[in-house]
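> Using only what follows, build the 3D model:
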Amino acid sequence: MASGRVGGTRSKIRGQVGNVVYQVKRNDDGTYTQISYGKAEDVTATITPRLQAQRMCTSMVEALMRDLKEVGRISMQSAANKSKSLNAFSSYNLQLVARDCKAYWYGGGKFHYPPTTFIGDNYEALGGAWMLSSGTWPYNGFDELKYTNEPTRLFPYAQYFGCEFAGLRFRLSSQPETVAEFLKRHYMTVLDTIVFAAFHDWTDDESDPDDPKYMTQHTYIMATINPAIDMSAQMSPELMASLFMFKSNWDVFTRMAEGNRDFYFGLMIDTNHFESRLLSYGAFTISYLEGKKKISSSTLQLVSDNWTGYVYNYAPTDVFGSWMGTPRVKPYPNIFDT
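Residues are numbered from 1 along each chain as shown. Next up, the predicted model:
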């Protein structure tokens, strides 16, 4: 609200000009104050199908950003700083889901579209072929992006029975090599970062056993080289366990596999206790090997084709009625046909 105070009323106006409302207020000392304020827009006039489709797609990206904001800040090679990287990350993913929405209105796309009940305080992370990173680096510092629903084949311990694992594998050489040689063989330097991300769900029945809550999350793990490691030291299973330092929004699982040749880090999910499932995953490398920051491109991919109908469950036609205030209209006609 703006105001201006002068003595008389001859230069003051009352009424509305455009979206601005003008009033005149009489003060205790007999002077008058001109008051103006913007009139609230009629929101109902702005509800159009295409605008609502944009809002739906935007809500999906906002849910993604809630979990992967830290990833977006470092994952775009062309961005000059973290703020611009985050903006590019958000913008690119919004373009991805907007194109998918238009091309696959009736199904067959690679994103899970939400009804309006998924937004606001009820935000859930939504499955999709989200972009994790964009760049030109052709290598990754790990040997394999790995998923298994039988981790006991890798780690023969009873506590992993009925679990699922997704993460990255690093193989030790069969010949003696130093830490520096190990990094060189993996196209890495001490400045590099490896990022792993996964989409998973679980049932939270601990806070309220009578009303279990379905939960979803995009989890990330950022791994950097431990600066205290001696580059001339000989690689070994014991040294491998301390080679990386981690930053994550989940518990990081690390372990040498049976045989002491392969080291893994990632997520170990207990599918028995919390009815958890690993659904999609991806990884990329931020490299300084050539003296300049370069990033490998990556996208979240399903851990198994069996999850296609589950992760990408709802098409726009299934939920768009709720965005238009008519939730019972299913399937909703394709708004891009008009």
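
> so where's the stretch 201-338 of the chain shaky on pLDDT?
Along the stretch 201-338 of the chain, the model assigns pLDDT under 70 to residues 206-207, 274.

> hmm, I was thinking of the stretch 51-200 of the chain
Applying pLDDT under 70 to the stretch 51-200 of the chain flags the ranges 118-123.

> ranges for the helices of it?
Secondary structure of the stretch 51-200 of the chain (DSSP state H, counting those that start in this stretch): helices located at 82-103, 179-185.

> Pull out the buried residues from the shortest one.
So that's helix 179-185. 179-183 (16 or more other CB atoms under 10 Å). In short, each C-beta sits where N, CA and C put it, glycine included.

> domain parsing for the protein?
2-40, 43-123+312-338, 129-306 (automatic domain parsing).

> distance between the ends of the longest one?
Between the opening and closing residues of domain 129-306 we find a distance of 15 Å, counting by CA to CA, to the nearest Å.

> Look at residue 178 and say how many residues are nearby.
If you count neighbours by other CB atoms under 10 Å, residue 178 ends up with 14.

> whoops, residue 190 was the one
14.

> List the contacts of it.
When contacts are counted by CB atoms under 8 Å, 6 or more residues apart in numbering, residue 190 touches 183, 225, 227, 231.

> Pull the most distant pair out of those.
183 and 227 (12.9 Å; CB to CB).

> Near residue 276, how many other residues are there?
For residue 276, the neighbour count with other CB under 10 Å is 18.

> Excluding chain neighbours, what is closest to it?
In this structure, residue 276 finds its nearest non-sequential neighbour in residue 202, 4.0 Å apart by CB to CB, 6 or more residues apart in numbering.

> Make sure that neighbour is indeed in a helix.
No: secondary structure of residue 202 (DSSP: H, G, I helix; E, B strand; the rest coil): strand, not part of a helix.

> That one contacts residue 272, doesn't it?
No: using CB atoms under 8 Å, residue 202 is not in contact with residue 272, being 11.2 Å away.

> Looking at these two, which is more packed in?
Counting neighbours by other CB under 10 Å for residue 202 and for residue 272 shows that residue 202 has the greater number, 19 against 10.
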